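below are the sequence and a predicted model for it; my questions follow.
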Amino acid sequence: MADYLLFATERYGLPILQPLADALHARGHGVHALLAAGASGLRLPGPVRAVGVREAVRLRPRAVFSASNEVPTFVSGAKVQLFHGFNVEKRADGRGHFRVRGLFDLYCTQGPATTAPFQALAREQGHFAVTETGWPKLDPLFRDDGGAAAALRAPAAGRPVVMFASTFTERLSAAPHLFDAIAAQVAEGSRYWLLTLHPKCPPELFERYRSLAGANAAFVEPEQLVTAQRAADVLLADTTSVVSEFVVQHKPVVTFRNRAPKPHMIDFDDPAALPAMLARAFAPEPALREAIASYADAIHPYRDGRSSERVIEATEALLQAGLHTLARKPLAARWRALQIRRELGYWGF
């Protein structure tokens, strides 16, 4: 059996890596994690062993799986991009989801909407491969979770459940604008609320939303995000990639001032309209249901909970073919690789 390294630079990378860690462990492999920057000091539970940067180098892993935009290129093994979210069009393609930095050997894409653009880039540039696998983070959405979602939903006592999630990007975040409207809905009590924020949101926003927890609401930590999505009936959000994660379940989403609203969203721009938007989401018309299903199939058609296994198989197929089959990485990637060395404090060669 082989050793593999997991890499993340933010707390939200941990739920992406955990299902893959479990799948690697189930196959008898050694699973290790290098968590840096915003993920430093955190741990992945279970079979994962935390390592520092020098130990990661000595480990000589067969592959490095990254839930970040970057990866330590000085560690051996295939460098595999898992993505830290869906393409929600926060930025233009050249700066956003489809930006190629020259660091990765394999992109494991989430569905047809992501696969086709990356395949086009791979044909053009030649220094990476692309395989559509689905996203490891969503495996728990479609597997038995041991009753975790039911437990999170239990305090609703039969009431409908709304989940609220918000991006940290200030110009796109709904959290500052919708607090009063959400607080009024929580106080009214006809629905139960699961509240969460992106880990990078300001501390004062966390304090405000945590204060709503009680008989009609609970605050959910980032590690419980997928469980909360299973538990909720409807999502209220903005331009966060949680919108796409939630829609994959064929459930309705209400979005506040989404940067690129689509037919599968119920988008609105006036906080006073929140009650009406939620009422529509809980009684979706046939056209909305069709739009939700169509979008879900385009971004993530896999509902078997086995995306992690497909990632492992795609990585092994590339390694069997040989990394030498890929073109040389672009010169610009060398500068970024040096920056990553500096950030991680490693200068061994």
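Done, it's in. Numbers count the residues shown, from 1 in each chain.

first-to-last residue distance for stretch 185-196?
16 Å (CA to CA, to the nearest Å).

and Ile266, what element?
Element membership for Ile266, per DSSP states H and E: strand 265-268.

now the helix or strand harbouring Ala332 - C-alpha only, CSV.
Using DSSP H and E, Ala332 sits within helix 331-344. The C-alpha trace of helix 331-344 is given here as CSV (Å, rounded to 0.1, in the frame of the first residue of the first chain):
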residue,chain,number,x,y,z
LEU,A,331,7.7,29.0,-16.7
ALA,A,332,5.2,31.3,-14.8
ALA,A,333,4.4,28.3,-12.5
ARG,A,334,8.0,28.3,-11.2
TRP,A,335,7.6,31.7,-9.6
ARG,A,336,4.4,30.6,-7.9
ALA,A,337,6.1,27.5,-6.7
LEU,A,338,8.8,29.6,-5.1
GLN,A,339,6.1,31.7,-3.4
ILE,A,340,4.6,28.5,-2.0
ARG,A,341,8.0,27.5,-0.6
ARG,A,342,8.3,30.8,1.1
GLU,A,343,4.7,30.6,2.5
LEU,A,344,5.3,27.1,3.9
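
any idea of the mean pLDDT in that helix?
For helix 331-344, mean pLDDT is 92.

centre of the chain to that helix, how far?
Centre-to-centre, helix 331-344 and its host chain are 24 Å apart (CA atoms, centre = their mean, to the nearest Å).

same thing with stretch 98-107?
Distance of stretch 98-107 from its chain centroid, counting by CA atoms, centre = their mean, is 17 Å.

give me the mean pLDDT for that stretch.
Computed over stretch 98-107, the mean pLDDT rounds to 92.

contacts for that stretch?
For stretch 98-107, contacts defined as CB atoms under 8 Å, 6 or more residues apart in numbering pick out 66, 69-71, 73, 78-81, 87, 93, 117-118, 121-122, 125, 127-131, 314-315, 318, 323, 326, 329-330, 332-333, 336-337, 340. Any C-beta I mention is one placed from the backbone N, CA and C, and that applies to glycine too.
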